[in-house]
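> Sequence plus predicted model, see below.
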Amino acid sequence: MKTHWLHCLLACAALAQLPLASAGTNAFSFAVIPSPFQEPGDASLREAVKQTDEANLAFVVVGGIKAETEPCSDDLYSERKKLLDSAQNGLIVSLAASDWAECTDSSGKLDAAGRLMLLRDLFFADEFSLGNSRIPVTRQSTTPKFRSYTENARWEVRRTMFATINLPQDNNHYVMAAGRNSEFEDRQVANRHWLQRVFIQAIRKKFSAVILFCDGNPFARPRDAQRDGFLEIRQQITAWAARFPGKVLLIHNPGAVQSEGAPRIRWRDNLGELKVTSGWMILTVDPSLAASITVEQGTAAGKDPHS
């Protein structure tokens, strides 16, 4: 117990002394690494982690741990856990559909629920991030009714609320076959509760921004699906953004095809949407009364974009 509290005190102290993006301001920067959709193996992920280690960052979010073509094996999950835990910055995993949604067991039977449970146990075992500079997070699993949803986490940096929310690609993992949507339906309930908690805390503390990380883009309506799996969550995010006096930004993976060009936030009133481009990117937040959020492509290793 003493070790636990020591970790917590050290982590909170580290957050209070985060590096500034520029002298004389409260601005800070963080990085987002996309899921390795098109490059199986850990080479690109390892290089991105190495480069972010050498940047001046508050934390790093990784949008998934493996490509769809890679096996859903215990060994691969363990190897990626070791890689991400070796990061110098505090590192938080935002799950992608490629991590679990289409996984099968040794007999070829779909085993999405089993793989998701393993990921939860392995990557979200306590109330801290991965990485060397472990930062404290609050998990949805602290609420007894939603104790299995360890992947949904929130943390605060200088009047900004950050949170991950499990919204997988491919229509929010809605399955057309009858009787196979218990995972989707249960997660819908959990995500509704989670968004409520995140925004209530941000409003109560008079924060200037809420930044959400997820896999799929809930604002992209499916073309051929008979049922829009993102409908309810899209309505909830829009409704909460309308109530929140600051800015709300949703950061998501691009999908199976990596996007080209410089990353750009698309704003509609106070609600923004950002697709992670190929490579990794840096966002800088100035948590003033009218929060400023800027984005740029990640730089080569050893170069600080704010130096």
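Noted; the coordinates are in hand.
> can I assume residue 158 is in contact with residue 29?
No - in this structure, residue 158 is not within contact of residue 29 by C-beta atoms under 8 Å, at 11.5 Å. C-beta: built from backbone N, CA, C; applies to glycine.
> more crowded one of the two?
Set residue 158 next to residue 29 and count neighbours by other C-beta atoms under 10 Å: residue 29 wins out with 23 against 18.
> wait, is the more buried one part of a strand?
Yes - counting by DSSP: H, G, I helix; E, B strand; the rest coil, one finds residue 29 located in a strand.
> start the count at 8, not 1, going forward
Sounds good: first residue 8 from here, last item residue 36.
> confidence score at it?
For residue 36, the pLDDT comes out at 96.
> Report the separation between the nearest residue to residue 177 once chain neighbours are set aside and residue 122.
Closest residue to residue 177 apart from its sequence neighbours, by C-beta to C-beta, 6 or more residues apart in numbering: residue 104 at 5.7 Å. Noted for residue 104: a distance of 11 Å to residue 122, by C-beta to C-beta, to the nearest Å.
> Kindly report the same for residue 205.
On the measure of C-beta to C-beta, residue 205 and residue 122 end up 26 Å apart.
> With residue 74 instead?
With C-beta to C-beta as the criterion, residue 74 and residue 122 are 15 Å apart.
> Enumerate every residue touching the residue nearest to residue 177.
175-177, 180, 222-223 (C-beta atoms under 8 Å, 6 or more residues apart in numbering).
> any low-confidence regions in the chain?
Low-confidence regions of the chain, defined by pLDDT under 70, span residues 8-31, 43-47, 185-186, 263-267, 306-314.
> Now do whichever helix or strand residue 178 is part of: which elements does it pack against?
Under the criterion of DSSP states H and E, residue 178 resides in helix 176-180. Contacts defined by 3 or more C-beta pairs under 8 Å, 6 or more residues apart in numbering; DSSP states H and E place helix 176-180 against helix 189-211.
> For the helix it packs on, name the packing helices and strands.
Counting contacts by 3+ C-beta pairs under 8 Å, 6+ apart, helix 189-211 packs against helix 119-130, strand 160-164, strand 167-171, helix 176-180, strand 216-221, helix 238-250.
> gap between it and the chain center?
15 Å (C-alpha atoms, centre = their mean, to the nearest Å).
> which of the residues in that helix are buried?
190-191, 194-195, 197-198, 200-202, 204-206, 208-210 (16 or more other C-beta atoms under 10 Å).
> and which of these is nearest to residue 67?
Nearest to residue 67 among the buried residues of helix 189-211, counting by C-beta to C-beta, is residue 205 at 20.0 Å.
> my read: that closest one touches residue 218, true?
No - between residue 205 and residue 218 there is no contact under C-beta under 8 Å: 10.2 Å.
> what touches both of the two?
What both residue 205 and residue 218 touch, as defined by C-beta under 8 Å, 6+ apart, is the set 168, 170.
> mind listing the strands in the stretch 8-157 of the chain by residue range?
For the stretch 8-157 of the chain, applying DSSP state E, counting those that start in this stretch gives strands covering 35-41, 67-70, 98-100, 145-146.
> Of the ones you listed, give the one that comes closest to residue 232.
Counting by C-beta to C-beta, and looking across all of the strands of the stretch 8-157 of the chain, nearest comes strand 67-70 at 22.5 Å.
> From the rest of the structure, what touches the closest one?
Residues contacting strand 67-70 (C-beta under 8 Å, 6+ apart): 37-42, 52, 56, 59, 91, 94, 96-101, 103, 138, 171, 220, 222, 258-260, 283.
> count of neighbours near residue 304?
That count, for residue 304 with other C-beta under 10 Å as the rule, works out to 14.
> in the sheet, who's paired with the closest residue to it other than its chain neighbours?
Spatial nearest neighbour of residue 304, chain neighbours left out: residue 288 (5.6 Å); criterion: C-beta to C-beta, 6+ apart. Under the criterion DSSP bridges, residue 288 forms beta bridges with residue 39, residue 304.
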